[in-house]
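S.K.: Model the following, please.
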Amino acid sequence: MKNMIYFHKNSKFAGASKYRNYNLTTAHAEHFNKTNEEIKNIMDSENLSKEEKVIKLKEYLHGEPKQETVEPAIESKPEIINPIKTNIQNIRKTVCTLANKINQKLKDLSASFKKAWQLIKNKVIQSKITGVTFGNTQKILSRLTRYTHKEVTAELIREPENKYDINAIAVTVSVKESKAVKIGYLPRDLAQYLSKILDKGLTLKTTFKGITGGNTNIDDYYYGALVEIEF
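M.R.: So this is what the prediction gives:
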């Protein structure tokens, strides 16, 4: 015996010719009649909106809707910075800055560049710190004698608003994680050049080299300090 199966008139399949008038056996007919009844119940429901009916039909006919797979975003590779190239650029920038400053006195650009290259070629400048007799600096320097120079961290701080010297570069020190304190300034003749480098945003590595003085000899009575500046 053959049965004729029809989908509900509101079903999205009703208008598709390939779903009309299936000629099926009784076993198949019972199965699809049950399916057809469920579809009819969903479409006739007054408690469901049109969108909800579509979702229900999809769930009934195809099971739970598949979750769309989202392709992971491809992370852009970070820009590889060439440290050698960057260092060369910084050196050239430093030389130009120094040469321009030196040229203000020499009035000879060629000679100024030669002097600037000589300073950079040496790579390291060791300098004493000035202004160590002001305030409580002597007490601070006295305390620093308890530590090795490797335990003390030094840093250069620009002071463009300094009323005594617009090129002023202060020197601060700290031991381990203690608060940094000012112990003086770089000499004026050095600060006038290095201030331009710091103002350009370039870094000058500074190392504390130790305490001087503190002797009973009148010529070496006051404590002093030395720093090493690396380009």
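
S.K.: could you pull out the helices for this structure?
M.R.: Residue ranges of the helices in the chain, as given by DSSP state H, are 26-44, 50-62, 83-106, 109-122, 137-144, 188-199.

S.K.: nearest to Glu159, of the ones you listed?
M.R.: Put simply, out of the helices of the chain the one that sits nearest Glu159 is helix 188-199, at 9.1 Å, with distance taken as CB to CB. Placement of C-beta: from N, CA and C, glycine included.

S.K.: picking up where we left off before, of the helices of the chain, which stretch is the most buried?
M.R.: Mean neighbour counts were taken over the helices of the chain using mean count of other CB atoms under 10 Å, and the top value, a mean of 18, falls to helix 188-199.

S.K.: Please list the residues outside it that contact it.
M.R.: Contacts of helix 188-199 with the rest of the structure, by CB atoms under 8 Å, 6 or more residues apart in numbering, involve 94, 97-98, 100-102, 119, 125, 127, 130, 156, 158, 160, 165-169, 185-186, 204, 229.

S.K.: Try it again at 7 Å.
M.R.: The set of residues that contact helix 188-199 without belonging to it, under CB atoms under 7 Å, 6 or more residues apart in numbering, is 94, 97-98, 101, 127, 156, 158, 165, 167-169, 185-186, 204.

S.K.: what's the angle between that helix and helix 109-122?
M.R.: Calculated by axes from the mean of the first three to the mean of the last three CA atoms, to 10 degrees, helix 188-199 forms an angle of 80 degrees with helix 109-122.

S.K.: Output helix 188-199 as CSV - backbone C-alpha positions only.
M.R.: Taking C-alpha atoms only, helix 188-199 is exported to CSV below (Å, rounded to 0.1, in the frame of the first residue of the first chain):
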residue,chain,number,x,y,z
ARG,A,188,79.2,72.6,33.4
ASP,A,189,81.7,72.1,30.6
LEU,A,190,80.5,68.5,30.3
ALA,A,191,76.8,69.2,30.9
GLN,A,192,76.6,71.7,28.0
TYR,A,193,77.3,68.9,25.6
LEU,A,194,75.6,65.9,27.2
SER,A,195,72.4,68.0,27.9
LYS,A,196,71.8,68.2,24.2
ILE,A,197,72.0,64.4,23.9
LEU,A,198,69.6,63.8,26.7
ASP,A,199,67.2,66.4,25.2
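
S.K.: domain assignment for this structure?
M.R.: Domain ranges of the chain: 3-62, 83-122, 123-230, per automatic domain parsing.

S.K.: now those domains as CSV including mean pLDDT?
M.R.: Written out in CSV, the entries for the domains of the chain read as follows (pLDDT from 0 to 100):
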stretch, mean pLDDT
domain 3-62, 59
domain 83-122, 75
domain 123-230, 90
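
S.K.: partner residues bridging Ile157?
M.R.: Each beta-bridge partner of Ile157 is listed here: Ala170, as defined by DSSP bridges.

S.K.: Would you confirm that it contacts Ala170?
M.R.: Yes - A contact is recorded between Ile157 and Ala170 when judged using CB atoms under 7 Å, the distance being 4.4 Å.

S.K.: which of those two has more neighbours?
M.R.: The residue with more neighbours, out of Ile157 and Ala170, is Ala170; 18 against 13, by other CB atoms under 10 Å.
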